[in-house]
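# need a structure here:
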Amino acid sequence: MSKADGGRYLTFMLRDEYYGVPISKVCEINQMMEITPVPKTPPFVEGVVNLRGKIIPVVNLRQKLGFEKMDYNRETCIIIIESDIGHVGVVVDAVREVIDLKDEQIEIPPQMGEKSEMRFLSALGKQEDRVIILLDVDLAFSGDEFTQSMSEMSKVA
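The predicted structure is shown next:
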């Protein structure tokens with residue numbers, strides 16, 4: 001696992017936990033909008049959205065990380081991120097804030113399971129008494145399972 005660098009991170013919630021992605025990977029944040037389901041995709045792929053004429057795949061990050069699905073509420077958002085495979089919409093429970101983390105506030109996570117299952121976890125950030133799970137968006141959305149489902153979507157869409 002690689003360690004993330006200090007810098008600015010957009011924080012958001014999944015369940016009651018804080019997560020973060022580098023702000024440089026964030027294109028925009030949107031309220032929930034109509035998502036068109038696409039057949040033959042994994043359960044974590046919600047479908048696609050038409051964002052100003054561009055079709056963007058949307059992933060439910062709760063399900064991608066193995067958590068239970070939750071009904072959307074007024075805080076549920078779609079974060080549009082730039083990954084190695086292009087723009088991806090990521091459904092999160094709530095967006096919180098942009099924070100600055102220094103290098104000394106970031107640690108490599110302890111080994112807690114299969115390395116392949118934790119590949120998208122780049123580091124853990126520490127802010128006051130809070131732990132922020134920092135995600136590597138390129139690794140989270142470059143796995144065979146995800147790219148295979150995206151190629152299925154392009155055949156259907």
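
# contacts, neighbours, all on C-alpha from now
Fine.

# Which parts of the protein are strands?
7-14, 17-22, 26-31, 45-51, 54-60, 77-83, 86-92, 94-101, 106-107, 121-127, 130-135 (DSSP state E).

# helices and strands of this protein: which one has the lowest mean pLDDT?
helix 144-156 (a mean of 52; mean pLDDT, DSSP states H and E).

# follow-up on the earlier one: mind checking which of the strands of the chain is nearest Gly66?
strand 54-60 (10.1 Å; CA to CA).

# Which strands border that closest one, and is each parallel or antiparallel?
Partners of strand 54-60 in the sheet, by DSSP bridges, are strand 45-51 (antiparallel), strand 86-92 (parallel).

# Mind listing residues that contact the last one?
Under the contact criterion CA atoms under 8 Å, 6 or more residues apart in numbering, strand 86-92 has outside partners 12-14, 56-62, 76-82.

# Selection in ChimeraX covering whichever of these are buried, please.
Selecting only the buried entries of the contacts of strand 86-92 in ChimeraX, with 16 or more other CA atoms under 10 Å as the criterion:
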select :12,13,14,56,57,58,59,60,61,62,76,77,78,79,80,81,82
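
# and the strands of the chain as CSV, adding mean pLDDT?
Listed next are the strands of the chain as CSV, based on pLDDT from 0 to 100:
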stretch, mean pLDDT
strand 7-14, 96
strand 17-22, 95
strand 26-31, 96
strand 45-51, 95
strand 54-60, 95
strand 77-83, 94
strand 86-92, 94
strand 94-101, 96
strand 106-107, 92
strand 121-127, 90
strand 130-135, 94
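
# Quick check: which of those strands is nearest to Pro39?
Per CA to CA, nearest to Pro39 of the strands of the chain: strand 45-51, 8.4 Å.

# tell me which residues in that closest one are buried?
Those buried within strand 45-51 under the rule 16+ other CA under 10 Å are 45-49.

# which pair in the residues you listed spans the largest distance?
By the measure CA to CA, Val45 and Val49 form the most distant pair in the buried residues of strand 45-51, at 11.6 Å.

# overlap in contacts of these two?
Applying CA under 8 Å, 6+ apart, one finds that Val45 and Val49 are jointly contacted by 57-58.

# Look up the closest residue to Lys64, ignoring the ones flanking it.
Phe44 (5.1 Å; CA to CA, 6 or more residues apart in numbering).

# what's that neighbour sitting at in phi/psi?
With angles defined as degrees, to the nearest 10, Phe44 sits at phi -80, psi -10.
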